[in-house]
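1. prediction below, plus the sequence it came from.
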Amino acid sequence: ERITAEEATLPFDLERGPVFRFALLRLGEIEEQEEHVLLMTIHHIVSDGWSVGVLSRELTQLYEAFALGRPSPFPDLPVQYADFARWQRGWLTGPQLAGQLAYWRERLVGHPPGLDLPRDRPRPAVQTFRGGSAPLELPRGLSERLKSLALAEKSSAFMVLLAAFEVLLQRLSGQDDILVGTPVAGRTRPEIEGLIGFFLNTLVLRTDLAGRPAFRELVRRVRGAALGAYSNQDVPFEKLLQELQPERALSRTPLFEVFFNFL
């Protein structure tokens with residue numbers, strides 16, 4: 001545990017690399033078998049949550065094959081991450097970019113400068129990211145009712161939970177115009193689903209809660225906002241900031257201050 005903690009906090013040198021580290025810990029013999037732990041420390045610049053699943057799955061299958069003296073069970077990849085990067089650079093200078101940027105300009109025009117949530121101390125001049133966690137487990141019955149509601153509204157559980165979260169944000173802030181950030185896998189092409197790399201992008205979901213809509217109506221508004229964002233998800237968040245030039249402050253995240261993730 002000590003070595004794991006040390007490895008996890010050791011910084012990367014992005015100029016010289018490497019951007020990932022592996023360490024094999026030999027714990028000793030247990031019941032006449034050697035026990036090991038493999039530590040994998042990977043910088044986010046070359047990996048995302050999807051990539052971790054790909055790496056873990058392929059590492060397991062390769063280990064089993066090599067332990068039995070068999071060759072790799074995987075065919076050569078049709079494309080590499082460099083191919084995706086080359087395609088993205090070309091796309092960012094093409095007409096598709098203009099269309100998606102036009103969507104985001106219209107969608108985010110006149111957005112509020114921030115979300116005024118109540119707090120127990122002054123906002124720091126510079127974000128520190130020092131926070132805590134409050135775990136909450138939903139009862140099985142409630143989870144099933146959420147899924148039923150999502151099915152009835154032709155939505156996903158993500159959309160229903162986001163709608164509920166936005167109701168909470170509205171009541172805490174007193175604001176009807178709510179912007180929430182959320183991640184998207186960014187793997188819109190089947191040939192890159194098996195690649196390891198950073199494809200993740202951040203989307204801004206904006207919902208109008210004016211008029212105190214019924215919850216089912218709010219779910220429909222969230223669904224519309226989400227589907228619109230998914231259809232225009234190829235614009236990197238950094239590119240969006242360059243184009244929109246929102247008001248910036250070291251104490252706030254640009255465009256949104258609350259992040260909603262669903263795994």
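-> Perfect, I can see it now. Note that the coordinates shown come from a computational prediction; the quantities given were computed from them, not determined experimentally.
2. find the residue closest to residue 176 in space, skipping its chain neighbours.
-> residue 210 (4.2 Å; C-beta to C-beta, 6 or more residues apart in numbering). C-beta: built from backbone N, CA, C; applies to glycine.
3. would you check that that neighbour makes contact with residue 178?
-> No - using C-beta atoms under 8 Å, residue 210 makes no contact with residue 178, being 10.4 Å away.
4. so these two - more neighbours on which side?
-> residue 178 (24 against 10; other C-beta atoms under 10 Å).
5. and that one, that's in a helix?
-> No - Residue 178 is assigned strand when assessed by DSSP: H, G, I helix; E, B strand; the rest coil, not a helix.
6. could you give the number of residues near residue 151?
-> 12.
7. how near is it to residue 235?
-> Look at residue 151 and residue 235: by C-beta to C-beta, to the nearest Å, they are 31 Å apart.
8. show me which residues of the helix or strand encompassing residue 238 are buried.
-> Per DSSP states H and E, residue 238 falls inside helix 237-244. For helix 237-244, the neighbour count (16 or more other C-beta atoms under 10 Å) marks 237, 239-240, 244 as buried.
9. export those to TSV and tack on distance to residue 28?
-> Converted to TSV, those look like this (distance: C-beta to C-beta, whole Å):
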residue	distance to residue 28
237	46
239	51
240	52
244	57
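10. and the helix holding residue 238, what does it pack against?
-> helix 95-108, strand 201-208 (3 or more C-beta pairs under 8 Å, 6 or more residues apart in numbering; DSSP states H and E).
11. and the ones you listed, which one is worst for confidence?
-> Lowest mean pLDDT of these: helix 95-108, a mean of 92.
12. list the helices and strands that one packs on?
-> So helix 95-108, by 3+ C-beta pairs under 8 Å, 6+ apart, packs with strand 201-208, helix 215-231, helix 237-244.
13. quick one, grab the pLDDT at the residue of the chain most remote from its centre.
-> Distance to the chain centre peaks in the chain at residue 32, reaching 42.8 Å (criterion: C-alpha atoms, centre = their mean). At residue 32, the model reports a pLDDT of 74.
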